[in-house]
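Trainee: give me a 3D structure for the following:
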Amino acid sequence: MNISQQRLKEIASIPDEKIDTSDIPELDDDFWKDARFIIPESKKVREMAMTSAQALKKEGKKEGREEGREEGRKEGALLERQEAILEAINARFQTIPSPLPERIKTIKSMARLKRIFNQCLIVDSLDEIDI
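Mentor: So this is what the prediction gives:
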């Protein structure tokens, strides 16, 4: 069957909602019951599959790096806040009792670290800081 290029263009320009599909039977479960998925054994298909796998792997690595960066930023912010607390204590009281740095390093809540830092700025003694 030969169809001219002009006729192909005409057919392609018809909007989907204008195409009459009433004479096409519905595909029910009976139609699909014996269907099988077959992967061709051609080199091109294997190459395409490999390329897709490599693309997925690359995307996964990219997401992993981004998650790692975000985790690193959060950890860096925690360390910075912990150091700021120790510096504030040292500046205010000219001493940092020995168990204090270890206790502060175990705190992983930014909200709690912020509260402790603010306390360091206003309390009159180390005993008033809620660590």
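Trainee: tell me how far Gln6 lies from Arg65.
Mentor: Gln6 is 52 Å from Arg65, where distance means C-beta to C-beta, to the nearest Å. Quick note: C-beta positions are derived from backbone N, CA and C, even for glycine.
Trainee: what lies in contact with stretch 115-128?
Mentor: 81, 84-85, 88-89, 92-93, 97, 100, 104, 107, 129-131 (C-beta atoms under 8 Å, 6 or more residues apart in numbering).
Trainee: run the last query once more with 10 Å
Mentor: 81-82, 84-93, 95-97, 100, 104, 107, 109, 129-131 (C-beta atoms under 10 Å, 6 or more residues apart in numbering).
Trainee: any idea how far apart the tips of that stretch sit?
Mentor: End-to-end span of stretch 115-128 (C-alpha to C-alpha, to the nearest Å): 12 Å.
Trainee: drop anything exposed from the contacts of stretch 115-128.
Mentor: For these, a burial check counting by 16 or more other C-beta atoms under 10 Å picks out 81-82, 85-86, 88-89, 92, 100, 104, 129.
Trainee: quick one: the helices in the chain, in order.
Mentor: All helices of the chain, identified by DSSP state H, fall at 5-12, 29-32, 43-93, 99-105, 110-122.
Trainee: and of the ones you listed, who's closest to Lys18?
Mentor: Minimum separation from Lys18 across the helices of the chain (C-beta to C-beta) falls at helix 5-12, 11.0 Å.
Trainee: show me where pLDDT drops low in this protein?
Mentor: 1, 39-40, 45-53 (pLDDT under 70).
Trainee: sorry, back to before: which of the helices of the chain is buried the deepest?
Mentor: Across these, averaging neighbours per residue (mean count of other C-beta atoms under 10 Å) puts helix 110-122 on top, at a mean of 14.
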